[in-house]
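**Q** give me a model of this one.
(chains A and B)
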Amino acid sequence: MPEEGQRAHVEIFFQQVVNGLQIASVIALIAMGITMIFGLTGLVMFAHGELLMLGGYVTWRTVELNVFGGDAANFFFGVALAVVVVGVLGYLMERGLFRFTFASPINGFIISLGLIVFLQHAIQIMPLPGLGLGLGGDQNWGATTIAVPKPIAAVWTVSEVRIPATRVLIVIATIVVVAFAVAAIYRTGLGRALRASASDRDTAGLMGIPVRRYITAVFVIGSGVAGLGGALLIGQFAIDPFIGGRFVIKGFAVALVGGLGNPVGAVLAAIILGLGEAMGAGYFKTEWTESYAFILMIVVLLIRPQGLLTGLQGPPTR
Amino acid sequence: MNALRTQERGQRAWEAFVASPERWLLLIAVPVIILVLPNFLTSRHLFLGTITGTTAIVLYGLAALYGQTGILSIAHGGLWGVGAYTAAILHAEFSLTYWEVLPIAAVTAAIAAAVLAYPALRIRGHFYLITTFAFAELIRIILQNGGAFGSGETLGLLVLGGIEGGFFGIGLQSTKSMFYVMVALLFLAMAGTYLISISPLGRTFRGIRENEDLAESVGINIARYKIGAFTLSGIFAGVAGVHYAFLLQHIEPLLFGAFAGIQMALMLLLGGALPLLGPIVGALTVNFIPELPIEGFGVIEARIIYGVALILLILLLPLGLVRGVSSLYLLIKEAALSGLAGRRPVEVVATPEGSEPKDNIDRWKGPPSS
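**A** Numbering: from 1, shown residues only, chains lettered A, B, ... in the order given. Got it, this is the predicted structure:
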């Protein structure tokens, strides 16, 4: 009997590792954009969670349209479309709104709050292409929870640990994106210029680095990655227009814990948080789960105010 | 540099407005409007107005903190929850009245604020802003999970339990009298913020805001003053929390999380932290924009318009509503006067374009001494 009890214990542990890695993936994807945008512009961009939400909606809409006739094909097309659409939106937001506030990021913070309210409600009445009759102006369809069929139905069972294939897919996609981004930032000339711009915008500009273009690029890529996060999220979970708030808070927590402006730190902190939350949900009281991110953040910042890894202090104050 | 100059002009415009004869219009009109207003409002709007004013009490504490020391906090959304829950529990358990609870809640919220100030000694700038976000949410989670209200337990970490404080107000039960009590408290809060800004204490706070290292090197005890500033603003939050609890008669943790704190930061930044009217104007704007009656628009459209309005306001008036509008007003007045005299308009104050320096660090000492 103790043998079996112990075995169940090990299985719960690995089950929670699987769940935790998947939570960590989505948090890491949203935190990448947050941390890079802050590092470059000092902007506290709270609307990033809404980009995640939009990514989920684009994917959902694409799957509903059923262009390819298969759940998997529809889903992957939806994911690609989500990245593109949300990336374009990031471009529009930077060019249309945030570039006016780079001298005072606190105003950009307010604009992002306005965007949250706008996007959360605009999505509810947005007439999206391909909607059937009467749906365009119908106010109620968007506020409800939406979900897509599992893109890959398979569930692997390794010694009683259930591993849904979709979760594996999410984790792998995240690893690929993160690896690509980190390689681009730390191993290429463009990445070096980006890091130079983040540590000192003015000097980088004097050295001939087109800092403004880098800012735009980081907005586009950061938004696209958040869109990817939302698209992958809806592969496994149902979402609603207000899902963004829950994730943006965690995104900021891990961005801060990892050192703002440091994507590697953000990913590291996301893994810690994801596993911590999953373990907490598995072993402790679930009602305290949402507090872990905040406790982790405060404890780490008290011990290491700059974050786990050295981040950037944002652009020089003046 | 350009940003600084714009900032300077924005504050000067406000000061010029305060020095102009029009201030008498404001000084007479505002109290009269406040006194007669409750008789003309619908009960819904009167209630909303009372909530707005109660929130503005917190905002004046926040304005003293942010405008003077340059530290912005979202945790105040949680701190007034500390005040509200103190009031709710003491009222239900020990049958304390509104006026007995008021000082106690002010003290508990101030103590909580002092505790939150400790991380501010190590964490600076936007990092701290995000940390206060975590504090606000932690307070909410503690309120949510921390013990069954009314079971005789303290606010400790207890088992699950709905924390719903249902209780009834003092003798002044009508919404109208809650409104007038709010107005009195609000005036006290405004006076407090103003006194802080003109006192030597305020000067020390601004020294820390402008250059923390320099302030420390001339012998200012940074830790003591930062914690002091937080504690002061915590008192405002505690008082507002009590009034809020008695006004709503039913409080729940969701009222007091990061969402409330963000709303407060939004109101403060929108109105402007430095002009004395900034916080109340910001609070009125944020609370009443969604109330604007627009034909054929439902709840969702109202929220969309609200979001767009926030974005437009801050893009068009980056210095905050009060300074932006007062400099626009002076500009128009100047143009009209010189138009009458047949002269070219003299540029006295610029339109509020450009933007504030990072962190809204303002070189001007605060509410003008008129």
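**Q** could you check how far the residue nearest to residue B:218 when sequence neighbours are not counted is from residue B:229?
**A** Distances taken as CB to CB, 6 or more residues apart in numbering or on different chains place residue B:207 nearest to residue B:218, at 7.9 Å, with adjacent residues excluded. C-betas here are computed from N, CA, C, even on glycine. Computed as CB to CB, to the nearest Å, the residue B:207 to residue B:229 distance reads 12 Å.
**Q** of those two, which one has the most company?
**A** Between residue B:207 and residue B:229, residue B:229 has the larger neighbour count (other CB atoms under 10 Å in any protein chain shown), namely 29 against 19.
**Q** I figured that one hits residue B:205, correct?
**A** Yes: assessed by CB atoms under 8 Å, residue B:229 is found in contact with residue B:205 at 5.8 Å.
**Q** quickly find the element holding the residue nearest to residue B:218.
**A** If you go by DSSP states H and E, residue B:207 is part of helix B:200-210.
**Q** let's test this: mean pLDDT of whatever helix or strand residue B:54 lives in, rounded?
**A** Residue B:54 belongs to helix B:43-63 when assigned by DSSP H and E. If you average the pLDDT over helix B:43-63, you get 90.
**Q** how about stretch B:76-90?
**A** Mean pLDDT, computed over stretch B:76-90, is 87.
**Q** model confidence for residue 132, exactly?
**A** Unless you meant another one, I'm taking chain A. Residue A:132 carries a pLDDT value of 44.
**Q** actually it's chain B I care about, not the one you picked
**A** Residue B:132 carries a pLDDT value of 88.
**Q** what sits against the residue of the stretch 1-150 of chain B found nearest chain A?
**A** Proximity of the stretch 1-150 of chain B to chain A (CB to the nearest CB) peaks at residue B:134, 3.7 Å away. In this structure, residue B:134 makes contact with A:253, A:293, A:294, A:297, A:298, judged by CB atoms under 8 Å, 6 or more residues apart in numbering or on different chains.
**Q** got the contact list for residue 270?
**A** I'll assume chain A. Residues near residue A:270 by CB under 8 Å, 6+ apart: A:24, A:25, A:27, A:28, A:31, A:254, A:258.
**Q** meant chain B actually
**A** So residue B:270 contacts A:110, B:282, B:285, B:286, B:310, B:313, B:314, B:320, B:321 (CB under 8 Å, 6+ apart).
**Q** so the third one makes contact with residue B:269?
**A** Going back to what we said before, that points to residue B:285. No: taking contacts as CB under 8 Å, residue B:285 lies outside contact range of residue B:269: 11.2 Å.
**Q** more crowded one of the two?
**A** Taking neighbours as other CB under 10 Å, residue B:285 and residue B:269 compare with residue B:269 leading, 25 against 18.
**Q** how far away is the more buried one from residue A:101?
**A** Separation of residue B:269 from residue A:101 (CB to CB): 12 Å.
**Q** shared neighbours of the two, anything?
**A** Between them, residue B:269 and residue A:101 share the contacting residues A:107, B:314, judged by CB under 8 Å, 6+ apart.
**Q** which SS class is residue B:331?
**A** Secondary structure state of residue B:331, per DSSP: H, G, I helix; E, B strand; the rest coil, is helix.
**Q** and the stretch 51-200 of chain A, which of its residues are near chain B?
**A** A:97, A:100-101, A:103-107, A:109-111, A:113-122, A:124-125, A:139, A:143 (CB under 8 Å from any CB of the partner chain).
**Q** just the buried ones from those residues?
**A** By neighbour count, with 16 or more other CB atoms under 10 Å in any protein chain shown, these hold A:97, A:100-101, A:103-107, A:109-111, A:113-122, A:124-125, A:143 as buried.
**Q** which SS class is residue A:156?
**A** Under the three-state scheme (three-state DSSP), residue A:156 adopts strand.
**Q** wait, it touches residue A:167, no?
**A** No: taking contacts as CB under 8 Å, residue A:156 lies outside contact range of residue A:167: 9.9 Å.
**Q** so between those two, which is more surrounded?
**A** With neighbours defined as other CB under 10 Å, residue A:156 and residue A:167 compare such that residue A:167 has more, 22 against 11.
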